[in-house]
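Participant: need a 3D model of the following:
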Amino acid sequence: MATAEAAPARGGNAMVIAGASVGTVFEWYDFYLYGSLAGFITAHFFSGVNEVTGYIFALLAFAAGFAVRPFGAIVFGRLGDLWGRKNTFLVTMLLMGLSTFVVGLLPSYATIGVAAPILLIVMRLVQGLALGGEYGGAATYVAEHAPPGKRGLYTSWIQITATAGLFLSLVVILLVRTQLGEDAFKAWGWRIPFLVSILLLGVSLWIRLRLNESPVFQKMVDEGKTTKKPLAESFGRWSNLKLILLALVGLTAGQAVVWYTGQFYALFFLERMLKVDGAQANTLVAIALALATPFFIVFGWLSDKIGRKPIILAGCLLAALTYFPIFKAITAAANPQLAAATASAPVTVVADPADCAFQFDPVGKTAFTSSCDVAKSALANAGVSYVNQAAPSGSLAAIRIGADTVASFDGRGLPKADFDARKKAWTATLAEHLKAAGYPAKADPARVNTPLVVALLWLLVLYVTMVYGPIAAALVEMFPARIRYTSMSLPYHLGNGWLGGFLPTTAFAMVAATGNIYFGLWYPIAVAAVTFVVGLLFIREMRGADIEA
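Facilitator: Numbering: from 1, shown residues only. Reported below is the predicted structural model:
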C-alpha cells in the first residue's frame, strides 16, 4: 500500500499539475514519434513487402501500441486502485521511456530480416501497455487534487499533454532533419529522436519522484476503504459496468476519432494523399497545434461553467458535419494542381471486377500482377484518386484520365525480373500521362497556401480541444473513488486505443480499397455521429459531482 503523506507536493497545485503533465508529455512524445516517422519505419522495418502493404503494415504496427492499451488500463488501473496513483504512473513512465529508447537501436529488416519488425512490434506493445496505465493515473491524480469548481480547468492541463507530446515530436524531427539533411535523416538520423528520449525520461522521473500521493487515495488508505478487488467491482457489477459502456460509446469513442483525425490523419493525408513534402507537412501541423493548444484550457475552464457533456458532443457533431468540406478545402489549398487535375481530368479504372484484389497483402507474398492490380497499385502509390467502372469479363484493365486512356498489362506468368522491369517502364508511361493531364508527382511547396492550410488544420485541432479538453473531468466524475483508476481507464483506452488508434490504418485501407482519397473520412464521421446520439440521450451531466465518494 502507498504510504506517502497526502500533503501537497512542493510547489503546491502547480507542482501537482506540472508533475503529472510533464511525464505524460514525455510519454506521448515517445508514442507519437512512431506515427510521425511511419514512412521511415516502412523503409527500414517493412522493406520485404510491396510499398502499399508496407505502409499499411507500418500503420498496423503503430496501431498495435493502441490495441493493447485497454489491457494496460486493466493491469495498471488495478494496481493504481491497490497501490496508489503516484506509484503506478512511475512504473508506466519507466516502461515507456526504455521501450522507446530501444526502438532507436533496433537493426533494420536488411540486417536481421523478419526479426526486425517483430522486435519493433514488441516494443510498440510495451509502449501501449504502459500508456494504458498512464493516462488514468495522471488524470485521476490531478482531479483528486483540484479544488471545487476547477476540476475541468485543472485536468485540461493533462489534456494538453497529448498535443504537446505530438508538437514536441514534430519539433525534434524537424530540427534533426534540418541539421542532418534528408539523405542522412532517411538513412540513420530518424533514430535520433528516439534515442534522445532517454534524457527526457530522466527529467520526468526526477519531477514525479517529488510528488506525494493523491489526497483522496490517501484518505481511503487511512480509513481502510480501498478496494481489495478493483476488477470485480468495476466489471462484475452491472451498475458500474453500464457506466463504463456509456462512457465508451457516449463520450470516448467520438472523442477518440475526432482527436486522431485532427492530429494524425490530417498529417497522413497531407503526406500520403496530397504528396506534400514531409518537413513542410510537419511544419504546417506543428503551427496549427501551437495555435490551437490553448483552447484545451479554454474548453476545460468552460466545462466548469456549463458542463462537460455539451462541449464534447458539440465537437463530435461539428466534426461529423464538416470533415468532408474541410479535407476537400485542404486538398485545394495544399496541392492546388492535384485539385485542379482531379476536377478537369478525373481518373477511372475500367476493369473486370474479378481481376481486382484488395490492395493489401498481410503476408507479403501477393505480387498484384493482374492488369487491374497493376493499375490500382500505381495510382495508390501516386496518390491519385479514382473511381471504378466494370469492364466485360476477361478484358484488360485500363486507366482513363479525362479523355486519355492508358492500357494496363497483365503480368501474371511473367518471371519476377521481367515483371518488375515491365512495371517500371509502364509506371513511367503512366506518370507521363498523369503529368500531361496536370497531375503533379508531388505538391509544389511554392504553391501551398500556407495560411489557409494552417487555418483549416487549426479548425480540425479546435474540434480536438472541444472533445478532449473536458473528457478527463467527465470520466473522473462518473466513477467512485475506490475503483476510479480501473473504471475510467478502460473506456478511455478502448475508445482511444481501438477506435482512435486504428483510425489511420482503417481509413488508409478504405482509401486503398475504393480509390477515393476522402472515403476514409466515413470512419470518424460515423463514430462521432453515434457518440453524439448516445451521449445526448443517455449520458448524465456530472459536473461538480462529489469525487471522494
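Participant: now do the strand or helix carrying Q337: which elements does it pack against?
Facilitator: Secondary structure assigned from DSSP states H and E places Q337 in helix 336-344. Where contact means 3 or more C-beta pairs under 8 Å, 6 or more residues apart in numbering; DSSP states H and E, helix 336-344 is packed against helix 308-334. Where C-beta positions appear, they are placed from N, C-alpha and C, glycine not excepted.
Participant: so after the helix-or-strand element of the chain with minimal mean pLDDT, what's the next helix or strand?
Facilitator: Evaluated with mean pLDDT, DSSP states H and E, the helix-and-strand set of the chain has its lowest mean pLDDT in helix 51-67, which scores a mean of 70. Scanning forward in sequence from helix 51-67 by DSSP H and E, the next helix or strand is helix 69-83.
Participant: now do the helix or strand that that following helix is followed by against helix 69-83, angle only.
Facilitator: Downstream of helix 69-83, the first helix or strand assigned by DSSP H and E is helix 85-103. Going by axes from the mean of the first three to the mean of the last three C-alpha atoms, to 10 degrees, helix 85-103 is angled at 140 degrees with respect to helix 69-83.
Participant: relative to the whole chain's centre, how far out is helix 85-103?
Facilitator: How far helix 85-103 lies from its chain's middle: 20 Å, per C-alpha atoms, centre = their mean, to the nearest Å.
Participant: low-confidence ranges, the stretch 351-500 of the chain, go.
Facilitator: Along the stretch 351-500 of the chain, the model assigns pLDDT under 70 to residues 359-367.
Participant: quick one, helices of it?
Facilitator: Under the criterion DSSP state H, counting those that start in this stretch, the stretch 351-500 of the chain contains helices at 371-382, 416-436, 450-468, 471-478, 484-493.
Participant: buried residues in the shortest one?
Facilitator: If I follow you right, that is helix 471-478. I471, A472, A473, A474, L475, V476, E477, M478 (16 or more other C-beta atoms under 10 Å).
Participant: specify which member of those residues is nearest to L168.
Facilitator: Nearest to L168 out of those is A472 (C-beta to C-beta; 20.0 Å).
Participant: quick one: A146 is in a helix?
Facilitator: No. Secondary structure of A146 (DSSP: H, G, I helix; E, B strand; the rest coil): coil, not part of a helix.
Participant: so it touches T155, yeah?
Facilitator: Yes. Applying C-beta atoms under 8 Å as the test, A146 and T155 come out as touching, 6.9 Å apart.
Participant: neighbour count: these two, which is higher?
Facilitator: Set A146 next to T155 and count neighbours by other C-beta atoms under 10 Å: T155 wins out with 30 against 20.
Participant: next, T348: phi, psi?
Facilitator: phi -130, psi 130 (degrees, to the nearest 10).
Participant: joint contacts of A146 and T155?
Facilitator: Residues touching both A146 and T155 by C-beta atoms under 8 Å, 6 or more residues apart in numbering: none at all.
Participant: all helices for the stretch 201-350 of the chain, in order.
Facilitator: Listed in chain order, the helices of the stretch 201-350 of the chain (DSSP H, counting those that start in this stretch) span 215-223, 230-235, 238-247, 253-260, 266-268, 278-292, 294-306, 308-334, 336-344.
Participant: how much does the last one deviate in direction from helix 308-334?
Facilitator: Using the same axes, to 10 degrees, one finds that helix 336-344 and helix 308-334 are set 90 degrees apart in direction.
Participant: which residues does I287 contact?
Facilitator: Neighbouring residues of I287 by C-beta under 8 Å, 6+ apart: V454, L457.
Participant: please redo it, this time with the cut-off set to 6 Å
Facilitator: I287 is in contact with V454, counting by C-beta atoms under 6 Å, 6 or more residues apart in numbering.
Participant: against L270, how distant is it?
Facilitator: Distance of I287 to L270, computed by C-beta to C-beta, to the nearest Å: 13 Å.
Participant: low-confidence ranges, the stretch 201-350 of the chain, go.
Facilitator: Residue ranges of the stretch 201-350 of the chain with pLDDT under 70: none are present.
Participant: buried stuff in the helix holding Q337?
Facilitator: Within helix 336-344, the residues that count as buried by 16+ other C-beta under 10 Å are P336, Q337, L338, A339, A341, T342.
Participant: now for those residues, which pair is the farthest apart?
Facilitator: The span of those, defined through C-beta to C-beta, is set by P336 and T342 at 10.6 Å.
Participant: shared neighbours of those two, which are they?
Facilitator: By C-beta under 6 Å, 6+ apart, no residue touches both P336 and T342.
Participant: what's the burial count for the residue nearest to L209 when sequence neighbours are not counted?
Facilitator: The shortest distance from L209 to any residue other than its chain neighbours is 7.3 Å, reached at L90 (C-beta to C-beta, 6 or more residues apart in numbering). Applying other C-beta under 10 Å, we find 17 residues neighbouring L90.
Participant: check V533 too.
Facilitator: 15.
Participant: which one is D81 nearest to, not counting chain neighbours?
Facilitator: Leaving aside its chain neighbours, D81 sits nearest to P230 (4.0 Å; criterion: C-beta to C-beta, 6+ apart).
Participant: how about the one you found, what does it touch?
Facilitator: R78, D81, I483, T486.
Participant: rerun that using 10 Å as the cut-off
Facilitator: 74, 77-82, 482-487 (C-beta atoms under 10 Å, 6 or more residues apart in numbering).
Participant: cool, N282 as well?
Facilitator: S36, S169, L170, V171, I173, L174, R177, L267, L270, E271, V276.
Participant: mind putting these in JSON lines, neighbour count included?
Facilitator: As requested, the contacts of N282 are exported to JSON lines (neighbours: other C-beta atoms under 10 Å):
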{"residue": "S36", "neighbour count": "27"}
{"residue": "S169", "neighbour count": "25"}
{"residue": "L170", "neighbour count": "26"}
{"residue": "V171", "neighbour count": "17"}
{"residue": "I173", "neighbour count": "24"}
{"residue": "L174", "neighbour count": "17"}
{"residue": "R177", "neighbour count": "20"}
{"residue": "L267", "neighbour count": "25"}
{"residue": "L270", "neighbour count": "26"}
{"residue": "E271", "neighbour count": "21"}
{"residue": "V276", "neighbour count": "26"}
